[in-house]
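Enquirer: Need the 3D shape of this:
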Amino acid sequence: MSDDNPFSVEGRIAIVTGASGGLGRAIATALAGRGAQVIGIARRADALEGWRRETEGDTASIAADLGSPKAAQDLAARAAEPFGAPDILINAAGVNTRQAADDVTLDGWQTTIDLNLAVPFFLAQSLVPAMKSKNWGRIINFASLQSFRAFPGGLAYGASKGGIAQMTRAMAEAWSCDGITANALAPGFFPTDLTAPVFDDPERAARNASQTCMGRNGTMADIIGPALFLCSPASNYVTGQILSVDGGFTAR
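Expert: Got it, this is the predicted structure:
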């Protein structure tokens with residue numbers, strides 16, 4: 001591990017959920033390219049294998065259904081097999097059912113809360129003992145614009161992302177005294193599988209871009225710097241924070 005570069009992640013062991021696509025894939029690739037050993041976790045085995053083939057560096061993958069919090073403990077144990085106990089966790093996997101408030105179903109609600117909120121907590125809880133033994137750890141959750149704003153068709157998703165914001169603060173309160181920081185990234189409008197319904201509508205995508213201070217939507221390159229910062233020693237004194245990466249959408 002480099003002592004000279006405060007932004008170095010070299011030699012760290014990172015888990016990235018949702019690594020098969022979108023922002024999770026971009027971050028997993030960036031970490032591996034900068035010397036971290038990265039375990040990608042996602043449901044789609046073929047997409048995960050494609051990520052591994054295309055990524056330089058030390059990588060491993062675990063194809064698993066992240067929909068159940070009960071799977072978290074088993075995943076933590078399996079993730080330690082390739083390189084040792086992870087000291088970075090990035091909870092990038094998520095789901096958005098886009099059900100209007102009057103149409104939210106119990107199954108849709110439970111699926112959203114489990115994947116977006118419960119799994120990140122129980123996976124972190126399972127990894128924390130090993131992080132404590134090193135007196136060093138990083139937990140990066142994924143918040144959202146909907147952690148702060150209400151969007152149409154986003155009741156369950158917004159509830160889960162509002163929960164992520166407070167859970168991140170509570171994680172920081174619980175574990176930062178053991179050298180483990182907990183923060184969250186809150187992306188704006190990025191083209192991913194999750195946001196495909198938005199970007200499939202050029203007029204809607206342009207309208208979203210116009211609401212940012214920068215006048216554009218995000219690109220994958222825009223998430224990498226903030227993620228590396230929160231993973232690295234450069235953020236040693238940063239914990240319990242929600243970092244909006246949204247081109248200034250929430251500033252207006």
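Enquirer: Please count neighbours and contacts with C-alpha atoms only from this point.
Expert: Fine.
Enquirer: show me the contacts for Met214.
Expert: 247-248 (Cα atoms under 8 Å, 6 or more residues apart in numbering).
Enquirer: how far does stretch 208-219 stretch from start to finish?
Expert: Terminal residues of stretch 208-219 are spaced 14 Å apart (Cα to Cα, to the nearest Å).
Enquirer: buried sites along it?
Expert: By neighbour count with 16 or more other Cα atoms under 10 Å, stretch 208-219 contains the buried residues 208-209, 211-212, 216-218.
Enquirer: per-residue pLDDT, the closest residue to Gly40 other than its chain neighbours?
Expert: Closest residue in space to Gly40, ignoring its immediate chain neighbours: Ser61 at 4.6 Å, by Cα to Cα, 6 or more residues apart in numbering. You'll see Ser61 listed with a pLDDT of 97.
Enquirer: pretty sure Ser61 is touching Ala47, no?
Expert: No: in this structure, Ser61 is not within contact of Ala47 by Cα atoms under 8 Å, at 10.3 Å.
Enquirer: max-length strand in the chain?
Expert: Longest strand in the chain, counting residues (DSSP state E): strand 180-187.
Enquirer: Quick check: neighbours of that one in the sheet, parallel or antiparallel?
Expert: Partner strands and pairing direction for strand 180-187 (DSSP bridges) are strand 137-142 (parallel), strand 242-245 (parallel).
Enquirer: what's the most buried one of those strands?
Expert: Neighbour counts (mean count of other Cα atoms under 10 Å) averaged over each of the strands paired with strand 180-187 peak at strand 137-142, with a mean of 27.
Enquirer: Now tabulate the strands paired with strand 180-187 in JSON lines and tack on mean pLDDT and distance to Asn236.
Expert: Output for the strands paired with strand 180-187, formatted as JSON lines (pLDDT from 0 to 100; distance: least, Cα to Cα, whole Å):
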{"stretch": "strand 137-142", "mean pLDDT": "98", "distance to Asn236": "9"}
{"stretch": "strand 242-245", "mean pLDDT": "98", "distance to Asn236": "15"}
